[in-house]
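> Generate a structure from the sequence data that follows.
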Amino acid sequence: MEIIKGGVTAAKGFQAAAAAAHIKYADRTDMALIYSEKPCKTAGTFTTNIVKAAPVKWDRKVVESGVKSQAVIVNSGIANACTGKEGDLICQATASKAAEVLGIGREGVLIGSTGVIGMQIPMERLKSGIEQLALNLGDDSEHGNQAARAIMTTDTVEKEAAVRIEIGGKTVTIGGMAKGSGMIHPNMCTMLAFVTTDAVISKKALRKALSEDVKDTFNMISVDGDTSTNDTLLLLANGMAKNEKIRCGTLEYDQFAAALHYVNETLAKKMAGDGEGATALFEAKITGAATKEQAKLLAKSIVCSNLTKAAVAGHDANWGRILCAMGYSGAEFDPEKVDLYLESQAGRLQLVRDGAAIEYSEEKATEILSQAEVTAIADIKQGTEQAAAWGCDLTHGYIDINADYRS
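Now for the predicted structure:
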């Protein structure tokens with residue numbers, strides 16, 4: 001696997017664009033387009049929130065229908081959630097306008113929206129934005145980056161990743177972009193992620209790879225415990241790499257799944273580290289678990305603990321909060337066998353052995369917790385399984401952002 005620069009335009013045949021439609025923001029781009037020269041097989045996972053935004057319902061129908069797609073239209077600023085029949089009409093108008101200006105089928109146009117819930121998207125600005133997007137298309141990394149920046153809301157940085165692999169003597173590329181900073185606690189945050197590939201792959205293999213991998217990547221992050229109405233992850237494959245078709249149960253499938261995992265995990269970690277008001281990416285690793293599910297429950301519980309996240313923000317090695325979070329996770333384990341460590345670029349330090357504190361340097365612990373990426377590692381000594389989850393520290397900045405987000 002070769003890690004390369006780029007995002008959604010890294011794979012052969014994909015183009016992207018950004019436009020300033022002024023749907024809500026007056027001083028920045030707020031619409032993005034991903035376009036494929038060839039129709040794509042699609043896979044997707046979506047929010048489990050019962051309150052689903054109009055684009056989520058639209059995309060689910062497109063993906064489940066099996067129709068091929070060539071375009072994804074995304075807007076930021078307004079979520080098109082809780083907008084009734086008018087919200088559904090916005091999706092229909094978006095697909096129709098995109099089909100008109102791009103010369104493609106309306107039924108396969110995919111849509112993403114992110115931003116304030118309950119507001120209506122101004123129709124004419126949306127249509128004008130789609131016209132601009134069609135004119136701005138390009139297949140280089142800069143156009144991909146512009147699209148990634150256009151879908152940001154409270155994000156502070158754009159989020160992209162791309163890799164290349166060799167399958168049957170052909171170069172296969174996977175690239176993606178995502179946005180998400182607050183309302184992040186996926187169950188498939190306001191999370192949107194779009195992944196593109198030029199692989200020739202069966203529809204069954206494409207969907208299996210995505211649905212299985214999301215459990216260990218996007219579903220293992222949390223910023224604030226809120227599952228969005230708009231969570232959407234889409235994977236598009238246009239087949240332009242011309243490799244032998246990838247099918248389930250083959251070595252080639254394993255290669256593709258590993259590359260997809262890298263892209264998904266990278267994007268997920270970038271979202272967790274860019275949580276609203278965050279100063280650090282906080283990772284929890286569970287080792288020595290009896291089962292994978294046990295490890296995942298424990299790791300996710302740690303990164304979701306507000307008390308633990310506040311301790312990370314204060315660079316305070318309050319390890320009791322970590323054990324406490326493990327204790328209410330729902331996973332069975334023996335707390336008197338747990339070894340606990342903190343780790344970052346500043347080093348590694350053991351705080352707990354067999355469930356009890358050992359002597360350690362508070363100054364070293366503070367130094368470790370003061371880095372931009374911090375990891376808590378808990379060995380529960382029950383087996384060989386392990387898992388990781390990602391979140392961020394909890395600062396006053398989170399309240400500052402969300403106290404007046406709508407206004």
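> Once you drop chain neighbours, what's closest to S113?
Leaving aside its sequence neighbours, S113 sits nearest to N80 (C-beta to C-beta, 6 or more residues apart in numbering; 4.2 Å). No exception for glycine: its C-beta is placed from N, CA and C like everyone else's.
> Give me the neighbour count for that neighbour.
If you count neighbours by other C-beta atoms under 10 Å, N80 ends up with 32.
> Same question for it, what's its three-state structure.
Per DSSP: H, G, I helix; E, B strand; the rest coil, the local secondary structure of N80 is coil.
> With A299 instead?
Relying on three-state DSSP, one would call A299 helix.
> Q345 versus that one, what's the distance?
Separation of A299 from Q345 (C-beta to C-beta, to the nearest Å) stands at 21 Å.
> list the helices and strands the helix or strand bottoming out on mean pLDDT in the chain packs on?
Taking mean pLDDT, DSSP states H and E as the measure, the chain has helix 396-403 as its least confident helix or strand, at a mean of 83. Contacting helix 396-403 under the criterion 3 or more C-beta pairs under 8 Å, 6 or more residues apart in numbering; DSSP states H and E is no other helix or strand.
> Any buried residues in it, and which?
Residues of helix 396-403 classed as buried: Y398, N402 (neighbour count, 16 or more other C-beta atoms under 10 Å).
> where do the strands sit along the stretch 101-250 of the chain?
Secondary structure of the stretch 101-250 of the chain (DSSP state E, counting those that start in this stretch): strands located at 110-116, 159-167, 170-179, 192-197, 232-237.
> Switch the ones you listed over to CSV; also include mean neighbour count.
Converted to CSV, the strands of the stretch 101-250 of the chain look like this (neighbours: other C-beta atoms under 10 Å):
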stretch, mean neighbour count
strand 110-116, 26
strand 159-167, 22
strand 170-179, 26
strand 192-197, 29
strand 232-237, 29
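> I'd like those strands written out as a markdown table, with mean pLDDT added.
Listed next are these as a markdown table, based on pLDDT from 0 to 100:
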| stretch | mean pLDDT |
| --- | --- |
| strand 110-116 | 94 |
| strand 159-167 | 98 |
| strand 170-179 | 97 |
| strand 192-197 | 96 |
| strand 232-237 | 96 |
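> Let me have these in JSON lines, extended by distance to L281.
Converted to JSON lines, those look like this (distance: least, C-beta to C-beta, whole Å):
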{"stretch": "strand 110-116", "distance to L281": "21"}
{"stretch": "strand 159-167", "distance to L281": "12"}
{"stretch": "strand 170-179", "distance to L281": "15"}
{"stretch": "strand 192-197", "distance to L281": "17"}
{"stretch": "strand 232-237", "distance to L281": "20"}
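> To K52, which of these lies closest?
Nearest of the strands of the stretch 101-250 of the chain to K52, taken as C-beta to C-beta: strand 232-237 at 9.9 Å.
> Check which helices and strands that closest one sits against.
Using 3+ C-beta pairs under 8 Å, 6+ apart, strand 232-237 sits against strand 31-46, helix 54-65, strand 69-78, strand 110-116, strand 192-197, helix 203-213.
> low-confidence ranges in the stretch 151-300 of the chain?
Scanning the stretch 151-300 of the chain for pLDDT under 70 picks out the ranges 181-190, 224-228.
> picking that back up, looking at the helices and strands packed on strand 232-237, which one is packed in the most?
Most buried of the helices and strands packed on strand 232-237 by mean neighbour count (mean count of other C-beta atoms under 10 Å) is strand 192-197; its value is a mean of 29.
> Quick check: which ranges of the stretch 301-407 of the chain have low pLDDT?
Ranges of the stretch 301-407 of the chain meeting pLDDT under 70: 405-407.
> Centre-most residue in this protein?
A268 (4.2 Å; C-alpha atoms, centre = their mean).
> can you give me the helices in the chain?
54-65, 84-102, 123-135, 141-150, 203-213, 251-273, 292-304, 306-313, 319-327, 362-369, 396-403 (DSSP state H).
> and the direction of the longest one versus that of strand 192-197, what angle?
Helix 251-273 and strand 192-197 are oriented at 150 degrees to each other (axes from the mean of the first three to the mean of the last three C-alpha atoms, to 10 degrees).
> quick one: average pLDDT of stretch 9-25?
For stretch 9-25, mean pLDDT is 97.
> hang on, the earlier thing: please give me every residue in contact with the residue nearest to S113.
Applying C-beta atoms under 8 Å, 6 or more residues apart in numbering to N80 gives the contacts A53, A54, P55, G87, I90, C91, S113, Q120, I121.
> Adding distance to R321, write the residues you listed out as TSV.
As requested, the contacts of N80 are exported to TSV (distance: C-beta to C-beta, whole Å):
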residue	distance to R321
A53	34
A54	40
P55	38
G87	41
I90	44
C91	43
S113	36
Q120	43
I121	42
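> Just name the closest of the residues you listed to D213, please.
Among the contacts of N80, and counting by C-beta to C-beta, the member closest to D213 is P55, at 22.4 Å.
> Apart from its chain neighbours, what residue comes closest to that closest one?
Nearest to P55 is I111, by C-beta to C-beta, 6+ apart, at 4.2 Å.
> so what's that neighbour bridging to?
I73 (DSSP bridges).
> Centroid-wise, who is the farthest residue in the protein?
By C-alpha atoms, centre = their mean, the chain has its most distant residue from the centre at E359, 38.8 Å.
> From V312, how far out is it?
Distance from E359 to V312, by C-beta to C-beta: 22 Å.
> picking that back up, Throw the helices and strands packed on strand 232-237 into TSV and include distance to T308, thanks.
Shown next, in TSV, are these (distance: least, C-beta to C-beta, whole Å):
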stretch	distance to T308
strand 31-46	27
helix 54-65	31
strand 69-78	31
strand 110-116	28
strand 192-197	26
helix 203-213	26
